[in-house]
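K.L.:
what's the 3D shape of this:
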Amino acid sequence: MINSTSENHVYDVAVIGAGSAGLQAAQTLGRMHQSTIVLGTDRYRNDPTGHMHNFLGHDGAPPAELRVAARKDAEAYADVRFLEAEVTRVSGELGAFVLEIAGEVDVRARRVLLASGVRDTLPGIPGIAENFGDLVAHCPFCHGHEYAGTPIGILGAGPHAGAMASMLQPLSADRVVLTHGETLDDATLALLDRLGATVVTAPVAAVRREGDRLIVRLAGGEELALGGMIVKTDWQQATPFAEQLGLEMSELGAVLVDGFGRTDVPGVYAAGDMAQGPGVPMPMAAVLVAASAGLVAAAACVQDAALARIA
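P.N.:
All right, here's what the predicted structure looks like:
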């Protein structure tokens, strides 16, 4: 383990974020003997869920269990150091980045790998937050199978409603689009009718759990029993570092990266839910994808450093 906390010490790479992207990046960097510091807090996007799905070899495992195992793997490499502290500001340039740390001395690094994730904002309906990550979810790949064979709710009247109803059709013939008082456009209505989905236009007053079912109470008092509900969340960068570094962003608010996790600022890389790669319409928000992106971005750090030495 690296023990230096000297203000004069310069790490090869500073990884900000200790979720799956950051932890995999740390392991990759450690294996290539890159002096690495991983700065993380105890806040993670998938904290609300008790079980992680659609991850090779870890299907159904608690997310925290994976993080503990991944950190143990990374800590086995002498060139990797972990610091549980909050980064408040990142500045500088390739070869000379400075990370200001709450309650700690500044950290200096030649390269920075951002893996600090995003933060979800849920629909403001009572009961949604309490059941999010279980009977309420935003990702059908992560939770859809658990709702299979039951009525599945889809909250919202945007264009996503039709696409989601189609995606969920093999899981359940009974899909209920809850528009929450909003109006669907004619094309979406026609699509939902063709897909055999039910449309409920009344506003949703609240949701609650009863056993293994989600009970949706409508504004008029009627109640519906669902096996689960898919909601579309609003999200934003969990940290201000992209803005501080002046990184190019997508229209959705993700950091734009190339196929190797490089941003448009030399020496800055990004991986995980916060980053959007070429050819995709949005960040690919899945634990396995985030870990893979962390590996690729870390490999790019190593490769770029090697090429710089022979240039």
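
K.L.:
what sits against residue 144?
P.N.:
137, 152, 167, 168, 171, 228, 230 (CB atoms under 8 Å, 6 or more residues apart in numbering). (Each C-beta comes from the backbone N, C-alpha and C, glycine too.)

K.L.:
Let me know the secondary structure of it.
P.N.:
helix (DSSP: H, G, I helix; E, B strand; the rest coil).

K.L.:
Compare the contacts of residue 144 and tell me which has the most neighbours.
P.N.:
With neighbours taken as other CB atoms under 10 Å, the top of these is residue 152, carrying 28 neighbours.

K.L.:
State the distance from that residue to residue 141.
P.N.:
14 Å (CB to CB, to the nearest Å).

K.L.:
And for residue 50?
P.N.:
17 Å.

K.L.:
still on that earlier bit, make TSV from the contacts of residue 144 and add distance to residue 303, secondary structure and pLDDT to it.
P.N.:
Output for these, formatted as TSV (distance: CB to CB, whole Å; DSSP: H, G, I helix; E, B strand; the rest coil; pLDDT from 0 to 100):
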residue	distance to residue 303	secondary structure	pLDDT
137	37	strand	93
152	44	strand	98
167	37	helix	96
168	41	coil	97
171	41	coil	97
228	43	strand	97
230	39	strand	97
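
K.L.:
What is the nearest of the residues you listed to residue 31?
P.N.:
residue 137 (34.3 Å; CB to CB).

K.L.:
quick one, domains of this structure?
P.N.:
10-120+234-310, 123-230 (automatic domain parsing).

K.L.:
on that earlier part again, tell me the one of the contacts of residue 144 nearest residue 239?
P.N.:
When the contacts of residue 144 are compared for distance to residue 239 (CB to CB), residue 137 wins out at 24.1 Å.

K.L.:
Give me the mean pLDDT for stretch 81-99.
P.N.:
Stretch 81-99 carries an average pLDDT of 97.

K.L.:
mind listing what's buried in it?
P.N.:
For stretch 81-99, the neighbour count (16 or more other CB atoms under 10 Å) marks 81, 82, 83, 86, 87, 90, 92, 97, 98, 99 as buried.

K.L.:
before we move on, what about stretch 134-148?
P.N.:
Buried-residue list, stretch 134-148, by 16+ other CB under 10 Å: 134, 135, 136, 137, 138, 140, 142, 143, 144, 146, 147.

K.L.:
could I get those residues as TSV with distance to residue 109?
P.N.:
Listed next are the buried residues of stretch 134-148 as TSV, based on distance: CB to CB, whole Å:
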residue	distance to residue 109
134	38
135	42
136	39
137	36
138	33
140	38
142	33
143	37
144	40
146	41
147	44
